[in-house]
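Q: I'd like to go over a predicted model; first the sequence, then the structure.
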Amino acid sequence: MSFDFYVRSRQDLVDAIETFGIIPYFATSVPGFSLEEHCSPSVLWSDDDNNTWEWKGPVIRQSHCAYGKFFEKKAAYVSSDWFLDLANYRRDGYDFDARYDDGLAKYSDKELFEMIDRKAPVLSKELRTDGGYAYSGRWQKVEGKKGFDTSLARLQELCYVTTTDFVYTTDRSGRKRGWGVAQYSTPEKWFGAPFTEKVYQRSPLESHDRLLEHLISLFPSVPEKKLSKFLK
């Protein structure tokens, strides 16, 4: 199976996630491994709501996949099946409490993780407000703790947090305003028992090897070393 598809509609993207399991949004170090490179220009960006950016929330909900900055600090869709192996490999078999107890996680990450776990699903703006984080927006600037984006990115990279939707504010006429606000959860709460009962069933090395074998099947001409590096 090669990484060969072309997205013209939201359903095309949902089908691609189901077929290939991992769809990075923007171009990566692996040539051709992104939605951006397999998408009609008319839906990659457009002035109306019919584009890949506006589809993010509906696609996440419809496919019930994981979405977040999982690869090279860039966003990607990962199907529920393949996310089991990605989470097991990235977590190295640790749930978050065990990781923190062994001194492998920062206290700032622990604070944010516990708040997400407690409130999930929760909007990023609520996390910033309730957690006392600094915020600088178009119309306001709030002083507070720094490091929100760094901790959030690290929690996603280690697969302890996933994006579950993008929520829009509306005007009095019901029209959407601005960019969608990300909503976060833990995979344990987003996927439920199918995740919690299986995520650690293999060794982290077995999960890595399954992921690597899958990428090799998609990109047989790319050196194995490069694909393995992409997974780290």
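A: Looks like it arrived, so ask away.
Q: Skipping adjacent residues, who's closest to the residue nearest the centre of the chain in space?
A: Centroid-nearest residue in the chain: G68, 1.5 Å away (criterion: CA atoms, centre = their mean). Closest residue to G68 apart from its sequence neighbours, by CB to CB, 6 or more residues apart in numbering: Q156 at 3.9 Å. Glycine gets a C-beta too; all of them are placed from N, C-alpha and C.
Q: Where does pLDDT dip in the chain?
A: 137-139, 170-171, 173-177 (pLDDT under 70).
Q: on contacts alone, who are the packing partners of the helix or strand harbouring the residue nearest to the centre of the chain?
A: Assigned by DSSP states H and E, G68 falls within strand 66-71. On a contact count with 3 or more CB pairs under 8 Å, 6 or more residues apart in numbering; DSSP states H and E, strand 66-71 meets helix 52-63, strand 74-78, helix 80-91, helix 148-157, strand 162-170, helix 187-191.
Q: Could you give me the buried positions within stretch 37-54?
A: Neighbour-count burial for stretch 37-54, counted by 16 or more other CB atoms under 10 Å, picks out H38, C39, V43, N51, T52, E54.
Q: so how far is that stretch off the chain centroid?
A: 19 Å (CA atoms, centre = their mean, to the nearest Å).
Q: With stretch 41-55 instead?
A: 19 Å.
Q: Identify the residues contacting that stretch?
A: V7, R8, S9, R10, L13, Y25, L35, E36, C39, K176, G180 (CB atoms under 8 Å, 6 or more residues apart in numbering).
Q: how many other residues sit next to the fourth one?
A: Read that as R10. 17 (other CB atoms under 10 Å).
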